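Chemist: The following block contains a protein sequence and its predicted model.
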Amino acid sequence: MKTIIEPFKIKVVESIRMTTQEEREALLQSAGYNLFLVSAEDVLIDLLTDSGTAAMSSRQWAAVMDGDEAYAGSRSWFHFEAAVREVFGFAHIIPTHQGRAAERILFSLTCSPGDIVPNNTHFDTTRANIEHCGAQAIDLVIPEGKEPATVHPFKGNMDTEALEGIIRIHGKDKIPLVMLTITNNSGGGQPVSMRNIRDVSGIAHTYGIPLYIDACRFAENAYFIKLREPGYAARSIPDIVREMFSHADGCTMSAKKDGLANIGGFLCTRNAGLAEQEKELLILTEGFPTYGGLAGRDLDAIAVGLREAMHEDYLNYRIASTSYLGSHIAERGVPIVQPPGGHAIYIDAKAMLPHIPPGRYPGQALCCELYRSGGIRSVEIGSVMFGRRDPDTGEEIPAPMELVRLAIPRRVYTQSHIDYVVEVILEVLDRKDTIPGYRITHQASFLRHFTARFEPIGMA
Ligand code: F0G
């Protein structure tokens, strides 16, 4: 059969409040044209993030009911620890309330001012936590990873020559760890190949530098390896995952993605001494090492979710539905980051709306239009999020790309929801030349995209 069905039945439903275009116009205006300021109740299809938005399975809910809320040594902790060890193979496991808490603990113990941490592409919180320690976060994705239209099976790979160059120039003592983000979220949700993981690990270890994996979307990455990398077609996903992590010395994880949970994360390492220090910091801000800021029921939901995320029927549906959205809009002329990634489709707003210059925020303009037209919430990843002020002239320097991310929550939307999203995007495409740019009327001094207010400006 060529039709791929959702490999689940729906036992509980959550109503969507339908809205009209007129209502949405008024809601947009009162939110200052910033979708972070629109209530979720006023959104029809919420593609703001795939983080913490998954639908849990009946098995996860059953595990939630069975959660043990003891402060120390709860049954839920032992379930969680066993699942993380079985899936990733690390000796020391530290639970945290989400991914960034794991990052903060890891970097505050390993990074000193002046240090350098290479990654394929750092996610914002990873970069911010490294910079908060006075260290420098460097992105070394392969050149193809920076070109939206270029097709490559593993566009998330790290440029290994560039990595060796950085280590030679700065010296191994300035590099406390090397990271790989799988899949590469900020670079379009693109996977990293097993070969690249092995090569990066080989280079780092030659110089005695540990390799850490930002593991958020580990199962999606493993499925791409199975589909695209020679030699892996017959291997099981758990087996591929174990091989991926066998090359690493530790990982940070947000269980809000491929943990199929609504909250949670963890930090893993093979280094017993470091683990002891990490647990001390954990107690300071997250909690006792057998719960780390989570309820027992959350630990149980994650233990089940990590294993469910590796089911091949689920991954097949997951990757097919993301790619279905991407290919159906791309074949009608919507420019997207190619090929479609695992968790999201990224529209190249600069290419789609060439009449709106970066200083008038084409990504923001497209986000507003998708909401106005069809109640879809997406997120701008362009000059609103990453534009910087030139310290000398005070002028705004645009971001290198103007993207709009449509992130797909796991197991939440059905085929007809995705068909509706395709229809809305194509309707917007048909009248793209009439879409106005925006200007900022209010902004905070950092992370402005969360709270900025905008207004549309007349056509140039
Ligand atoms: N690393 C990556 C690659 C991520 O995508 C995220 C979160 C984090 C770390 C931090 O995890 O949110 O649990 O603290 N990404 C979300 C997103 C927020 O929308 O892409 P967290």
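Modeler: Noted; the coordinates are in hand. Numbers count the residues shown, from 1 in each chain.

Chemist: Near whichever residue of the stretch 351-460 of the chain sits closest to the ligand, how many other residues are there?
Modeler: Distances between the stretch 351-460 of the chain and the ligand by CB to the nearest ligand atom are smallest at Ala407, namely 6.1 Å. Bear in mind the C-beta positions are built from the backbone N, C-alpha and C, glycine included. For Ala407, the number of neighbouring residues by other CB atoms under 10 Å comes to 23.

Chemist: Kindly report the residues of the chain close to the ligand.
Modeler: 49, 51, 98-100, 123, 125-126, 181, 185, 214, 216, 254, 256, 265 (CB under 6 Å from any ligand atom).

Chemist: ok, the residue of the stretch 101-250 of the chain found nearest the ligand - contacts?
Modeler: When scored by CB to the nearest ligand atom, the stretch 101-250 of the chain has Phe123 as its residue closest to the ligand, at 3.5 Å. By CB atoms under 8 Å, 6 or more residues apart in numbering, the residues touching Phe123 are Thr181, Asn185, Ser186, Asp214, Cys216.

Chemist: Can you check the pLDDT for the residue of the stretch 351-460 of the chain closest to the ligand?
Modeler: pLDDT recorded at Ala407 is 98.

Chemist: Also Gly52?
Modeler: On the pLDDT scale, Gly52 gets 98.

Chemist: That one and Ala31, how far apart?
Modeler: 21 Å (CB to CB, to the nearest Å).

Chemist: excluding its backbone neighbours, what's nearest the residue in the stretch 251-400 of the chain positioned nearest to the ligand?
Modeler: Nearest residue of the stretch 251-400 of the chain to the ligand, counting by CB to the nearest ligand atom: Ser254, 3.1 Å away. Spatial nearest neighbour of Ser254, excluding adjacent residues (CB to CB, 6 or more residues apart in numbering): Gly99 at 2.9 Å.

Chemist: give me every residue that touches the one you found.
Modeler: Applying CB under 8 Å, 6+ apart, we find Gly99 in contact with Thr125, Asp214, Cys216, Thr252, Met253, Ser254, Lys256, Gly265.

Chemist: Helices - which of those land there?
Modeler: Among those, DSSP state H puts Thr125 in helices.

Chemist: Let's have the contacts of Gly99 in TSV, adding neighbour count.
Modeler: TSV is the format used below for these (neighbours: other CB atoms under 10 Å):
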residue	neighbour count
Thr125	17
Asp214	27
Cys216	27
Thr252	30
Met253	30
Ser254	27
Lys256	24
Gly265	29
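
Chemist: For the chain, give me the ranges with low pLDDT.
Modeler: Within the chain, the stretches with pLDDT under 70 are 459-460.

Chemist: Which single residue in it comes nearest to the ligand?
Modeler: For the chain, CB to the nearest ligand atom, closest residue to the ligand: Gly99, 2.7 Å.

Chemist: follow-up on the earlier one: so which of the residues of the chain next to the ligand are in strands?
Modeler: Thr181, Asp214, Ser254, Gly265 (DSSP state E).
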